[in-house]
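Peer 1: Here is the input, now give the coordinates:
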Amino acid sequence: MVFDAIFKEPSIISYAQPSRPVSRSNPEHPHIQIVKELRKHASAEAMVLQTKAEAEHLSRLPECVGKSISANGMEESKSEEVATFLQQLQDHIGEEARALDDTYELREDSWERPEGGGGRTRAMADGKVFEKGGVNFSDVRGDSLPASATARKPELAGAPFRAMGVSVVIHPGNPFAPTSHFNVRYFEAETEKGRQWWFGGGFDLTPYYGFEEDVIHWHETARSVCEPYGEDLYPRLKKWCDEYFFLKHRNEPRGVGGIFFDDFAEGGFENAFAFVRNVGRGYIDAYFPIVERRWEHPDDMNHKEFQLYRRGRYVEFNLVYDRGTLFGLQSEGRTESILMSLPPEVSWRYDWHPEAGSEEARLYDYFLQPRDWLADKA
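Peer 2: Sure thing, here's the model as predicted:
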């Protein structure tokens, strides 16, 4: 597949390094021409909680995705194939971010984990568009799965494992441009029943000032990612995302959702892996056009103060509930990379509520309410 080529054969295509200002919508830009050509050819392709709080949180999640882990043993490891794809995906997302903002500082750290494996952290900071962000790859090994990976799979507790993934969090500077989170991950565990494997991941959007156009685009893209793999997949993964990214102690969602999945092995390895590749492409298509539309939106200090307040919810979720954060800390991963997801500035206000009828109130009253964003767009 042509899209796989950009992940597995990086020498085939070289991307131009743009100078600001650059519009990703400019049809003459060489980067856009390449992406359009790839998408044209690809159009025919189908396409871990240890704390009591999170254990309770997980118990609320639907058992809607994934088959029995004890039933999907494979004779030959596929981890190298997945690792190659993930590293190329990290590169590709970074290229998309740079095409939109070539002013941010980029720091790359390659690190090793004493127990086995390591990773490559790419941290963005102080850009005209992106205030902070990270596009991280990790590939770690260990003798015993930590609790955050086995809370729903007790039969795998203590099993030797290999876990890898790409994790992306991007915090734009403009309060009208939303924060996004993306992750895809792959696990293999050695058990008495053989080698067990599964995928997880998804993407979700956290706006501070909502635009219905943006949310519909986000969910339409998520639906298009899922459709080749079954008409019921998007509704299931959207529901899981809505229930997972929920701050129980605040009784409110983190954002407007997207898709989320774990323990995913549906249709066998090749089908599940193809779906994960599609999720990677879908995140790029879903997020960067929104940022391009909003990063220059007029704003003032009141808007910025509200953005910092809402970022507090992001921090709360990541430190209390997020499985990826907790898995990384429990598996003694690199702390700087794990906490890369936290925003650069944040604030909390005691018992604060937005003024009725304000732009800020509309976020709570409309955008953070459960809804089917595509109900009238079948």
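Peer 1: mind checking how far the helix or strand hosting residue 95 is from the chain centre?
Peer 2: With the criterion set as DSSP states H and E, the secondary-structure element containing residue 95 is helix 79-100. Centroid displacement of helix 79-100 relative to its chain, using CA atoms, centre = their mean, to the nearest Å, is 13 Å.
Peer 1: export that helix as PDB, just CAs?
Peer 2: As requested, C-alpha coordinates have been extracted for helix 79-100 and formatted as PDB (Å, rounded to 0.1, in the frame of the first residue of the first chain):
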ATOM      1  CA  SER A  79       6.500  -6.500  17.100                       C
ATOM      2  CA  GLU A  80       9.300  -5.500  14.700                       C
ATOM      3  CA  GLU A  81       6.700  -4.800  11.900                       C
ATOM      4  CA  VAL A  82       4.700  -2.700  14.300                       C
ATOM      5  CA  ALA A  83       7.700  -0.800  15.600                       C
ATOM      6  CA  THR A  84       8.800   0.100  12.100                       C
ATOM      7  CA  PHE A  85       5.400   1.600  11.400                       C
ATOM      8  CA  LEU A  86       5.200   3.500  14.700                       C
ATOM      9  CA  GLN A  87       8.600   5.200  14.100                       C
ATOM     10  CA  GLN A  88       7.500   6.300  10.700                       C
ATOM     11  CA  LEU A  89       4.200   7.500  12.000                       C
ATOM     12  CA  GLN A  90       6.100   9.600  14.600                       C
ATOM     13  CA  ASP A  91       8.000  11.100  11.700                       C
ATOM     14  CA  HIS A  92       5.000  11.800   9.600                       C
ATOM     15  CA  ILE A  93       3.000  13.500  12.400                       C
ATOM     16  CA  GLY A  94       6.000  15.700  13.100                       C
ATOM     17  CA  GLU A  95       6.200  16.700   9.500                       C
ATOM     18  CA  GLU A  96       2.600  17.700   9.500                       C
ATOM     19  CA  ALA A  97       3.100  19.800  12.600                       C
ATOM     20  CA  ARG A  98       6.200  21.500  11.100                       C
ATOM     21  CA  ALA A  99       4.300  22.300   7.900                       C
ATOM     22  CA  LEU A 100       1.900  24.300  10.000                       C
END
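Peer 1: Can you list the helices and strands that it packs against?
Peer 2: With contacts defined as 3 or more CB pairs under 8 Å, 6 or more residues apart in numbering; DSSP states H and E, the secondary structure elements packing on helix 79-100 are helix 2-8, strand 117-125, strand 130-142, strand 161-172, strand 179-191, helix 269-294. Using the backbone N, CA and C atoms, a C-beta is placed for each residue, glycine as well.
Peer 1: Between those, which one is closest to residue 152.
Peer 2: Evaluated over these, closeness to residue 152 peaks at strand 179-191, with 12.1 Å, by CB to CB.
Peer 1: quick check: angle from the closest one to strand 161-172?
Peer 2: Orientation of strand 179-191 against strand 161-172 (axes from the mean of the first three to the mean of the last three CA atoms, to 10 degrees) gives an angle of 180 degrees.
Peer 1: Tell me which other helices or strands strand 179-191 touches.
Peer 2: When contacts are defined as 3+ CB pairs under 8 Å, 6+ apart, strand 179-191 packs onto helix 79-100, strand 161-172, strand 194-206, helix 269-294.
Peer 1: Any chance of these in JSON lines with mean pLDDT as columns?
Peer 2: Putting these into JSON lines (pLDDT from 0 to 100) gives the following:
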{"stretch": "helix 79-100", "mean pLDDT": "97"}
{"stretch": "strand 161-172", "mean pLDDT": "96"}
{"stretch": "strand 194-206", "mean pLDDT": "94"}
{"stretch": "helix 269-294", "mean pLDDT": "98"}
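Peer 1: which one of the ones you listed lies closest to residue 333?
Peer 2: strand 161-172 (9.6 Å).
Peer 1: can you tell me the helix or strand for residue 337?
Peer 2: According to DSSP H and E, residue 337 maps onto helix 335-338.
Peer 1: chain center to that helix, what's the gap?
Peer 2: Once both centres are worked out by CA atoms, centre = their mean, helix 335-338 turns out to sit 16 Å from its chain's centre.
Peer 1: quick one on the thing from earlier: give the buried residues for the helix holding residue 95.
Peer 2: In terms of neighbour count (16 or more other CB atoms under 10 Å), helix 79-100 has its buried residues at 79, 82-83, 85-100.
Peer 1: Neighbours of residue 126, how many?
Peer 2: Other residues lying near residue 126 total 12 when counted by other CB atoms under 10 Å.
Peer 1: Chain neighbours aside, what residue packs nearest to it?
Peer 2: residue 105 (5.5 Å; CB to CB, 6 or more residues apart in numbering).
Peer 1: ok, how many other residues are close to the residue lying closest to residue 267 once chain neighbours are set aside?
Peer 2: Nearest non-adjacent residue to residue 267, counting by CB to CB, 6+ apart: residue 229, 7.3 Å away. Close neighbours of residue 229, defined as other CB under 10 Å, add up to 19.
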